[in-house]
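In: sequence and predicted structure are below.
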Amino acid sequence: MIEHYWHCDHSVLEICPLGPLQETDFQALEAQVDPVISEHGCLAGLLINAAHFPGWESFAALISHCVFIRDYHKRIHKIAVVSDHTLLGFMPRLVDHFVGAEVRPFPADGYQQALNWLAEPG
């Protein structure tokens, strides 16, 4: 399950995984993101607030996650990953080569710093 919150007048989407990620989570995210992208052409930022990354419920959920990234990464300017999880700390450096967005890691106590970075123009 993923909770989401909008910041900065619907230009920054925060997502918080609460349990193993499911296929339907990414369908729900698409329903939130599509109207904003239709209106503004892109999102200024995506904040992944993942103090604890629960993984995926199934292989199909992992595939849905990859499809979501493939379909939206060029329409998001910046991605902030807020987590102390070791794997997620390395993730920005790995995916930065494959996505159009600028990706930056932040420690779990750097939530506000991440949100401020996403809100900056650029």
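Out: Noted; the coordinates are in hand. Just so it is clear, the model here is predicted, and its values are computed rather than measured.
In: quick one: the strands in this structure?
Out: Ranges of strands in the chain, per DSSP state E, are 2-7, 12-17, 43-49, 76-82, 102-106.
In: of these, which is nearest Val36?
Out: Judged by Cβ to Cβ, the one of the strands of the chain that comes nearest to Val36 is strand 43-49, at 6.3 Å. Using the backbone N, CA and C atoms, a C-beta is placed for each residue, glycine as well.
In: for the closest one, the averaged confidence score.
Out: Average pLDDT, strand 43-49: 91.
In: pull the residues that contact that strand.
Out: Strand 43-49 has contacts (Cβ atoms under 8 Å, 6 or more residues apart in numbering) with 7-8, 11-16, 33, 36-37, 75-83, 88, 101, 111, 114-115, 117-119.
In: and the angle for that strand with strand 102-106?
Out: Interaxial angle, strand 43-49 versus strand 102-106 (axes from the mean of the first three to the mean of the last three Cα atoms, to 10 degrees): 30 degrees.
In: ok and strand 43-49 relative to strand 12-17, angle-wise?
Out: 20 degrees.
In: what distance separates strand 43-49 from the centre of its chain?
Out: 5 Å (Cα atoms, centre = their mean, to the nearest Å).
In: restricting to C-alpha, output it in CSV.
Out: Taking C-alpha atoms only, strand 43-49 is exported to CSV below (Å, rounded to 0.1, in the frame of the first residue of the first chain):
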residue,chain,number,x,y,z
LEU,A,43,5.7,17.3,-12.0
ALA,A,44,8.4,19.4,-10.3
GLY,A,45,9.2,16.6,-8.0
LEU,A,46,8.5,13.2,-6.4
LEU,A,47,9.4,12.6,-2.8
ILE,A,48,9.8,8.9,-1.9
ASN,A,49,9.4,8.9,1.9
